[in-house]
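Engineer: what follows is a predicted structure for the sequence shown.
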Amino acid sequence: MKVITAGIRVRQEIGKNAASWTAWSVMCFYSVLQFLLQGSVGVLAGGLKESFNADATAVSLLSSSFYISYILMQIPAGMVYDRFGIRRVAIFANSMLILGCLGLALSPNLSFAILSRVVIGFGASFGFVGLVFGIKKWFPLNQFAIIVAIAECLCMVGVGTANNLLSITASRFGWRIAVGFCTLLAVGQLLVMILHLKDTEQKSHEQIKSGSKVMGDLQEVLKRIEVWLAGLYSAGVFTIVSVFVSLWSIPFLSSTYHIGVIQATSISSTVYLGIAICSILVGWLAKRFSVASIMSLGSGMTFIVSVLFLYVHQSVSQLYFLAFFLGFFSSVYQLSFTVIAKCIPNKIQGAAIGATNMIMMIVAPILQPLIGLLISSNQGLGVLDGFEVYSGSSYQFGLTVIPISLIVAFTISFYLNDPGKITIRRWVLNYLALKKPKLGKLW
């Protein structure tokens with residue numbers, strides 16, 4: 001009888017693990033689709049300009065319209081996951097994603113295309129938040145960092161592959177067919193969600209109805225200093241991707257080193273390779289050492305490499321090397337979500353994850369135009385393909401925002417908590433308290 005009972009328990013455990021990994025895979029693909037659609041305008045820019053007779057400013061507006069709903073929905077997305085679980089919310093959000101993609105593919109004019117991008121941003125806003133929220137629900141806490149790291153690695157590889165496919169499709173069949181391809185991916189994902197995405201714990205109508213009030217949850221999240229510190233830290237480090245690689249790296253490299261766009265894009269893309277490779281290493285280290293200490297080390301090294309990349313003249317091979325390590329060290333931004341998982345109560349973790357992601361992403365639409373303003377304050381060299389061209393020194397001046405952001409992130413890392421681990425700041429304080437009591441009291 002005991003043998004039979006033990007066998008049943010083993011089968012149940014295997015079934016539970018299989019369901020968790022299946023759900024994780026589904027949400028990973030959701031995140032890949034989110035990142036793909038987020039940057040798709042850059043891949044489709046040529047066709048969009050021709051179809052809508054749009055200039056560079058109009059295409060930039062079309063690209064940034066995604067962030068309007070994406071950023072605004074980050075905290076609500078987390079709170080909705082908290083209250084209703086993964087399955088229903090993800091299916092609804094993915095349906096909106098399909099609607100937005102279909103609208104963009106059939107857009108008769110630029111205004112309709114912008115509206116469609118706003119809808120896509122709404123549907124995509126539930127992707128990465130749902131993935132991180134789900135990992136916290138489906139796996140033990142001591143596996144959180146490594147599983148997030150694996151997901152991040154797969155997302156980077158998936159986005160790189162999907163971008164190439166999207167570019168090939170757009171060049172051969174046009175941008176509308178390429179967006180239709182994304183729509184088909186979203187439809188396939190919806191079917192998989194309906195069939196295989198399950199909640200580990202079902203919430204009854206009474207549980208949902210008697211849950212904490214939305215404004216109460218929101219106030220509690222916004223009062224938590226860990227959320228603000230983790231969000232600002234990840235925002236500072238993630239500027240390497242969200243601000244530099246996404247917008248300014250290619251013109252900077254082309255202008256400073258007089259290389260072609262294809263080669264500049266290749267160097268810039270090496271950052272993603274560094275993030276993908278280091279993500280798993282970061283997750284593995286987070287299980288063995290203080291998360292806050294790893295974040296301090298990573299942001300500090302990212303600052304050093306960024307200064308070498310931006311302000312010290314390099315050969316092309318050295319640029320590839322430094323771009324790789326920019327991604328390698330900046331991959332520590334993902335550990336902000338590990339801090340949230342360890343320090344925030346379960347009932348508001350979805351909202352806290354959403355708030356952290358919102359703070360991380362909201363920096364991009366603020367710093368991108370700020371850097372542009374700083375660059376354009378210098379005399380331009382001319383106009384190329386609708387964009388003003390500036391000297392390398394002008395880009396270096398504007399891009400000082402990046403190292404400053406990394407210094408801020410490095411400073412914040414010393415104030416992040418990691419329960420049960422000795423952080424660098426705590427070690428220094430302990431050392432000063434033992435060796436120099438008076439100075440230690442001042443700290």
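Structural biologist: Noted; the coordinates are in hand. Residues are numbered from 1 along each chain as shown.
Engineer: the stretch 101-250 of the chain: strands as residue ranges?
Structural biologist: Using DSSP state E, counting those that start in this stretch, the stretch 101-250 of the chain contains no strands.
Engineer: pLDDT below threshold where in it?
Structural biologist: 199-217 (pLDDT under 70).
Engineer: need the helices for it, in chain order.
Structural biologist: For the stretch 101-250 of the chain, helices defined by DSSP state H, counting those that start in this stretch occupy the ranges 110-124, 127-138, 144-173, 175-196, 205-209, 214-223, 225-239, 249-257.
Engineer: for the closest residue to Leu44 other than its chain neighbours, which residues are in contact?
Structural biologist: Distances taken as Cβ to Cβ, 6 or more residues apart in numbering put Trp175 closest to Leu44, at 4.2 Å, once the chain neighbours are dropped. All C-beta atoms are positioned from the backbone trio N, CA, C, and that covers glycine. By Cβ atoms under 8 Å, 6 or more residues apart in numbering, the residues touching Trp175 are 44, 46-48, 51.
Engineer: what's the answer for Leu154, then?
Structural biologist: Shown in contact with Leu154 (Cβ under 8 Å, 6+ apart): 28, 32.
Engineer: try 6 Å this time
Structural biologist: The contact partners of Leu154, by Cβ atoms under 6 Å, 6 or more residues apart in numbering, come to Cys28.
Engineer: distance check, it against Phe29.
Structural biologist: Using Cβ to Cβ, to the nearest Å, Leu154 is found at 9 Å from Phe29.
Engineer: please apply the same query to Leu322.
Structural biologist: Counting by Cβ to Cβ, the gap from Leu322 to Phe29 is 32 Å.
Engineer: do the same with Met96
Structural biologist: For Met96, the distance to Phe29 - Cβ to Cβ - is 17 Å.
Engineer: kindly report the same for Pro365.
Structural biologist: 26 Å.
Engineer: more neighbours, the two?
Structural biologist: Phe29 (20 against 16; other Cβ atoms under 10 Å).
Engineer: quickly find the element holding the more buried one.
Structural biologist: When elements are assigned from DSSP states H and E, Phe29 belongs to helix 2-38.
Engineer: over to Tyr395?
Structural biologist: helix 392-398.
Engineer: which helices and strands does that helix pack with?
Structural biologist: helix 249-257, helix 349-376 (3 or more Cβ pairs under 6 Å, 6 or more residues apart in numbering; DSSP states H and E).
Engineer: closest one to Gly100 among those?
Structural biologist: helix 349-376 (17.8 Å; Cβ to Cβ).
Engineer: avg pLDDT for that closest one?
Structural biologist: Throughout helix 349-376, pLDDT has a mean value of 81.
Engineer: got the CA positions of the helix or strand hosting Gly300 in PDB?
Structural biologist: Using DSSP H and E, Gly300 sits within helix 291-311. C-alpha atoms of helix 291-311 as PDB (Å, rounded to 0.1, in the frame of the first residue of the first chain):
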ATOM      1  CA  VAL A 291      22.300  39.100  -5.500                       C
ATOM      2  CA  ALA A 292      23.000  42.700  -4.500                       C
ATOM      3  CA  SER A 293      26.800  42.100  -4.700                       C
ATOM      4  CA  ILE A 294      26.500  40.600  -8.200                       C
ATOM      5  CA  MET A 295      24.400  43.600  -9.200                       C
ATOM      6  CA  SER A 296      27.100  46.000  -7.900                       C
ATOM      7  CA  LEU A 297      29.900  44.200  -9.700                       C
ATOM      8  CA  GLY A 298      27.900  44.000 -13.000                       C
ATOM      9  CA  SER A 299      26.900  47.600 -13.100                       C
ATOM     10  CA  GLY A 300      30.400  48.700 -12.200                       C
ATOM     11  CA  MET A 301      32.000  46.700 -14.900                       C
ATOM     12  CA  THR A 302      29.300  47.800 -17.400                       C
ATOM     13  CA  PHE A 303      30.300  51.400 -16.600                       C
ATOM     14  CA  ILE A 304      34.000  50.700 -17.300                       C
ATOM     15  CA  VAL A 305      33.300  48.900 -20.600                       C
ATOM     16  CA  SER A 306      30.800  51.700 -21.700                       C
ATOM     17  CA  VAL A 307      33.500  54.400 -21.200                       C
ATOM     18  CA  LEU A 308      36.000  52.300 -23.200                       C
ATOM     19  CA  PHE A 309      33.400  51.800 -25.900                       C
ATOM     20  CA  LEU A 310      32.200  55.400 -26.200                       C
ATOM     21  CA  TYR A 311      35.300  57.500 -25.400                       C
END
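Engineer: what sits up against the helix or strand just after it?
Structural biologist: Note on helix 291-311: by DSSP H and E, the next helix or strand toward the C-terminus is helix 316-330. Contacts made with helix 316-330 from outside it, assessed by Cβ under 6 Å, 6+ apart, are listed as 237, 240, 267, 270-271, 274-275, 278, 298, 301-302, 305, 308-309.
Engineer: name the member of these with the most neighbours.
Structural biologist: Within the contacts of helix 316-330, most neighbours by other Cβ under 10 Å means Val237, with 31 neighbours.
Engineer: burial measure for the nearest residue to that residue once chain neighbours are set aside, as a count.
Structural biologist: Distances taken as Cβ to Cβ, 6+ apart put Tyr333 closest to Val237, at 4.2 Å, once the chain neighbours are dropped. Residues near Tyr333, counting by other Cβ under 10 Å, number 27.
Engineer: now swap in Gly180 and tell me
Structural biologist: Gly180, neighbours per other Cβ under 10 Å, totals 18.
Engineer: just the one 3 residues further on next, same as before
Structural biologist: Burial of Thr183 is recorded as 20 neighbouring residues (other Cβ under 10 Å).
Engineer: how many other residues sit next to Val192?
Structural biologist: Counted with other Cβ under 10 Å, residues neighbouring Val192 total 16.
Engineer: mind listing what it touches?
Structural biologist: Val26.
Engineer: any idea how far Val80 is from Val26?
Structural biologist: Going from Val26 to Val80 by Cβ to Cβ gives 18 Å.
Engineer: can you name the residues that contact Thr113?
Structural biologist: Slight slip there: residue 113 is Ala, not Thr. So Ala113 contacts 62, 104, 107 (Cβ under 6 Å, 6+ apart).
Engineer: mind putting the residues you listed in TSV, neighbour count and distance to Leu37 included?
Structural biologist: Listed next are the contacts of Ala113 as TSV, based on neighbours: other Cβ atoms under 10 Å; distance: Cβ to Cβ, whole Å:
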residue	neighbour count	distance to Leu37
Leu62	24	12
Leu104	28	9
Ser107	21	14
